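In: have a look at this prediction, sequence included:
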Number of protein chains: 2
Amino acid sequence: MILKSQVEWALHCCAILAGLPEGRYLSTKALAELHGLPKEYLSKALQSLSQASLVDTTLGPSGGYRLARLSSEISFLDIVEAVEGKARSFTCTNIRENNPCRPAGYCDSKPCAVARVMWEADEAWRDTLRRVRLSDLVCTLSEEVPPDIWRDTFEWVLKRAG
Amino acid sequence: MILKSQVEWALHCCAILAGLPEGRYLSTKALAELHGLPKEYLSKALQSLSQASLVDTTLGPSGGYRLARLSSEISFLDIVEAVEGKARSFTCTNIRENNPCRPAGYCDSKPCAVARVMWEADEAWRDTLRRVRLSDLVCTLSEEVPPDIWRDTFEWVLKRAG
DNA sequence: CGGTTTGAGGATAATATATATCCTTAATTC
DNA sequence: GAATTAAGGATATATATTATCCTCAAACCG
């Protein structure tokens, strides 16, 4: 059970977009270069964010992406689900139905007990991600990334932001 | 991010093994038949349980599997990790290192802030699974499965248990 | 206007993982 | 000795992930 690498990419890209001044856009090309990622494939992750309405886009030179909401209004779960999908990690195929001791046509009143536990764990995972906002990440980064690197990075970004 | 179907299979098989009387074994063949699963492939899941020391095995006719510990001493996490592996669902590839604004040879003092959040969620998932014991599942099933099906199933199982 | 840049999205390929089957071996039972 | 079992290796098939390429329409720029 491994998350797509696009999840990591999307989270880092959103952290950069969160630092963009009001009204400006950053292109796939710049985001790919900044993170050392394949531009074409990163583009798919950014398209997922766009489809989830987490980012706005505009075309043309000076076009690209910006956050569609305040970073305090975007959770980790929003971003992870945009890329990874909303499906649960455990799929119940109801193998209890294959039990030869069951009367034909018997119908279960509740979802399988095994699945309920697995879904509870899945929900605990989602809850954790739901509670962390993109703004929290930016806050942590601004404390932990050395000030000169932080500053240089946003200079680099602003030089490329349309 | 989807768990292998073997996780579901292993959990259901353990629930059956938990109901086996002291000292008796149940074969792959019986477990596969009971759940309508491909015997050869289910065998791989059971081998994983064996390698994790969750079950004991014995060979020959009347051979098969039994729990190696009390069902109250086996957690969902034990079983899930035996089949799925212990690796975290989020892999940090440290893409921050590709930032062109970094001084050459700069070394991070902490793991990436993005990864820490993702790992925290992963740990919440594991915590939930760690807190549920196999005996809890058996308890739930014995309450929810209609008594006649429950009884017939264990009659069926005992007829095949060595 | 015409050339360039951008994101959207479709087609395709390469790679990795999950699913499944088959076969051999050694231990156990009868 | 014959049948049955789990362990584990080899291999095949299906699906998912990662990646690249191409076309299109919108936006910008001279």
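Out: Cool, got the structure.

In: what parts of chain A come near DNA strand D?
Out: Remark: the part of chain A in contact with DNA strand D comprises A:4-6, A:38, A:40-41, A:43-44, A:58-63, using CB under 7 Å from any atom of the strand. Heads up, the C-betas are built off the backbone N, CA and C, glycines and all.

In: overlap between these and the residues near chain B?
Out: Filtering these for proximity to chain B (criterion: CB under 8 Å from any CB of the partner chain) leaves A:4-5.

In: so which of the residues of chain A next to DNA strand D are in strands?
Out: Here DSSP state E is the test, and the residues of chain A next to DNA strand D give A:Thr58 as lying in strands.

In: quick one, longest helix in chain A?
Out: With DSSP state H applied, the helix covering the greatest number of residues in chain A is identified as helix A:113-131.

In: buried set for it?
Out: By neighbour count, with 16 or more other CB atoms under 10 Å in any protein chain shown as the criterion, the buried positions of helix A:113-131 are A:113-115, A:117-122, A:124-126, A:128-130.

In: stretch A:65-81 now?
Out: Of the residues in stretch A:65-81, those scored as buried under the neighbour-count criterion (16+ other CB under 10 Å) are A:65-68, A:71, A:74-81.

In: any residue of the longest helix of chain A touching DNA strand C?
Out: No - under the criterion of CB under 7 Å from any atom of the strand, helix A:113-131 makes no contact with DNA strand C; the nearest approach is 13.9 Å.

In: can you name the next helix or strand after that helix?
Out: The element immediately downstream of helix A:113-131 (helix or strand, assigned by DSSP states H and E) is helix A:134-144.

In: buried set for that next one?
Out: Judged by neighbour count using 16+ other CB under 10 Å, the buried positions of helix A:134-144 are A:134-138, A:140-141.

In: if I read this right, A:Trp9 contacts A:His35, doesn't it?
Out: Yes - taking CB atoms under 8 Å as the contact criterion, A:Trp9 and A:His35 are neighbours in contact, 6.7 Å apart.

In: between those two, what contacts are shared?
Out: Contact criterion CB atoms under 8 Å, 6 or more residues apart in numbering or on different chains; residues shared by A:Trp9 and A:His35: A:42, B:95.

In: of the two, who's got more company?
Out: With other CB atoms under 10 Å in any protein chain shown as the criterion, A:Trp9 and A:His35 differ in neighbour count, and A:Trp9 comes out ahead with 23 against 20.

In: flag the shaky bits of chain A, pLDDT-wise.
Out: Along chain A, the model assigns pLDDT under 70 to no residue.
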